[in-house]
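Trainee: sharing a sequence plus its predicted fold:
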Amino acid sequence: MEFLDSITPRDYQQEIFETCKEKNCLVVLPTGTGKTLIALMLTIERMKSFPGEKVLFLAPTRPLAEQHLRFFKKNLPELFGDMQLFTGSVNANQRKKIWRTADIIFSTPQCIANDLKNRLYNLNDVCLLVEDEAHRCVKNYDYTEVAKAYLNQAANKRIIGMTASPGSDSEKIKEICRHLSIEEVELRTRESEDVKKNLQELEFEKISVNLPPEFLEIKEVLKKLHNKYTEDLKSRNLLFGPATKVNLIKLQGKLANLLSSGERNFSLFKGMSSCASAIKLQHALELAETQTVLGFNEYMKSLFDQAAKSKSKGIQELVKSPEFNLAFTKSQELLAKKIEHPKVAELLDIIKKEKSENKSIKAIIFAQYRDTASLVSKRLNSIEGITSKVFVGQLKKKDTGLSQKEQKEVIREFSSGEVNVLCATSIGEEGLDIPEVGLVIFYEPVSSAVRAIQRAGRTARLSKGKLVMLITKGTRDETSYYTSRRKEKSMQAAIKDIKKDLAGKGPEFQKTLD
């Protein structure tokens, strides 16, 4: 392809590009299989077809937008076009000037959406809109607003949405397709024949651990207390069906709406209190069953603090209950004896074994919570030859947050080998330019198919990889594991059905999406 001398597209990239040339397309490809190259090829094609027009490339975070800019600069001739990064740190008047002369603009959707609202410029001369991590193009997220403006304003429209997974909900996928005016979906998985031959073998191991008796005691005590609150909700005819975290959060929202609309029923007030306590206990149970003793203990302490500062009788009653205090005391005893969740020891053993077999080990451990990532990283640093760091988002919480500058530095250290094990929360899942690793460990399964696919995509691209998943028997870990697998199958089935509808109805399909 003209202007593209340094890369030869793979067969599936070329095939998807040919589709994207003709139709607005949602590209669903596993992490690390070259979605950005397809966007680059399409950029060249559109700018050749519409000289003088622009390309707008959106990514959900500034580091990700910067990553795409670097890829384009590396693989396009210097004189191909003026490429610019738009961020909120550049003042509005300057962005307005840059927009006039730039050929390819990389930005977050928030920045462009704000500029469009303030009428700094319009999108009439944009010949291609790229939306990376397109599974976010739902509801009133800024991606949706920019796409709507583009479809209304542009003279020569072409849209490509890219994601590793749009989710498993057929209605949500249809919503994404509607917002982006999608005419075709190109789906590939690791198992697709044309992708499989370009990827390396991925070894998968599921390791189950048992909760020790002391942990089971904490679990039973908390469950007993949790049941007391949920039974109260059922006796007031407020809760129907299982008392899952999702159902309780939905109920909390419903009760809040009723109370804010002027309802002054005593039963609603009491129900609101019971619901809040049940949700707190659900979280405590999750930490005790699947995370770390230290994380659980810290959370229990935070509830004592809240009760001391709060006027809420509900939380004060909760922390005064014998069951709550017994569970807290038992966690204190475990910490005094230096007993941690069995997953921690299992994880340390995995890393020791990997290090003994591979001196140049490079691994990522994904954990749901920062406290878990911090504790695991600290323990790993006690292993000879292991240098671990946490990789978390910006929100400051007990000094565990990282600024974007600090995040970049951690990635640099990991890329150079100064750090060989990264302990990451969800920030490490989506799109960031983290080098390929030989080993990925899930500290816990995640029920989201999107997140599971993105985590797993960090390994087995250019060389053999291993994926290990830690599961605590008899806990929500097991539910999350099977839920994620089911959702991934549902996603593939839903996309295939939507592809059939698109093929059968063409543009008319847009009407059926509404």
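Mentor: Received it, and whenever you're ready, just let me know what you need. Numbers count the residues shown, from 1 in each chain.
Trainee: what's the average pLDDT for the host helix or strand of residue 351?
Mentor: Using DSSP states H and E, residue 351 sits within helix 342-357. Mean pLDDT, helix 342-357: 96.
Trainee: ok, residues contacting it?
Mentor: 207, 209-212, 290, 292, 361, 363, 365, 375-376, 379-380, 383, 385-386, 421, 438-439, 441, 443-444, 468, 470, 472 (C-beta atoms under 8 Å, 6 or more residues apart in numbering). The C-beta positions use only the backbone N, C-alpha and C, and glycine is treated the same way.
Trainee: which of those count as buried?
Mentor: 209, 211, 290, 292, 361, 363, 365, 375-376, 379-380, 386, 421, 438-439, 441, 443-444, 468, 470, 472 (16 or more other C-beta atoms under 10 Å).
Trainee: the stretch 151-300 of the chain: helices as residue ranges?
Mentor: Taking DSSP state H, counting those that start in this stretch as the criterion, the stretch 151-300 of the chain carries its helices at 170-179, 193-196, 213-235, 245-260, 266-290, 293-309.
Trainee: please apply the same query to the stretch 351-500 of the chain.
Mentor: 370-380, 404-416, 449-456, 476-505.
Trainee: format those helices as CSV; extra columns: distance to residue 141 and mean pLDDT.
Mentor: As requested, the helices of the stretch 351-500 of the chain are exported to CSV (distance: least, C-beta to C-beta, whole Å; pLDDT from 0 to 100):
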stretch, distance to residue 141, mean pLDDT
helix 370-380, 24, 96
helix 404-416, 21, 88
helix 449-456, 14, 82
helix 476-505, 19, 87
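Trainee: nearest to residue 302, of these?
Mentor: helix 370-380 (10.8 Å; C-beta to C-beta).
Trainee: just the buried residues of the helix holding residue 351, please?
Mentor: Neighbour count says helix 342-357 has 343-344, 346-348, 350-351, 354-355 buried, by 16+ other C-beta under 10 Å.
Trainee: check the residues you listed and tell me the two furthest apart.
Mentor: 343 and 355 (18.5 Å).
Trainee: restricted to strands, list the contacts of helix 342-357.
Mentor: Residues from those lying in strands, with DSSP state E as the criterion: 207, 209, 363, 365, 421, 439, 441, 468, 470, 472.
Trainee: ok, of these, which one's closest to residue 265?
Mentor: Among those, and counting by C-beta to C-beta, the member closest to residue 265 is residue 472, at 40.2 Å.
Trainee: got the contact list for that closest one?
Mentor: 208-211, 289-290, 341-343, 444, 478.
Trainee: gap between residue 427 and residue 280?
Mentor: 25 Å (C-beta to C-beta, to the nearest Å).
Trainee: these two: who's more crowded?
Mentor: residue 280 (23 against 16; other C-beta atoms under 10 Å).
Trainee: and that one, how close does it get to residue 140?
Mentor: In terms of C-beta to C-beta, residue 280 sits 30 Å off from residue 140.
Trainee: can I see the domain layout of the chain?
Mentor: 11-197, 202-210+342-488, 213-336 (automatic domain parsing).
Trainee: what about the longest one, average pLDDT?
Mentor: The average pLDDT within domain 11-197 is 93.
Trainee: what residues are up against the closest residue to residue 173 other than its chain neighbours?
Mentor: Excluding its sequence neighbours, the residue lying closest to residue 173 (C-beta to C-beta, 6 or more residues apart in numbering) is residue 166, at 4.9 Å. Residue 166 sits next to 26, 28, 134-135, 172-173, 176, 450, 491, 495 when contact means C-beta under 8 Å, 6+ apart.
Trainee: so residue 215 touches residue 290, yeah?
Mentor: No. Counting by C-beta atoms under 8 Å, residue 215 does not reach residue 290; the two are 10.4 Å apart.
Trainee: common neighbours of these two, please.
Mentor: In contact with both residue 215 and residue 290: residue 341, using C-beta under 8 Å, 6+ apart.
Trainee: any idea how far the residue lying closest to residue 477 once chain neighbours are set aside is from residue 31?
Mentor: Excluding its sequence neighbours, the residue lying closest to residue 477 (C-beta to C-beta, 6+ apart) is residue 471, at 4.4 Å. The gap separating residue 471 from residue 31 is 22 Å, by C-beta to C-beta.
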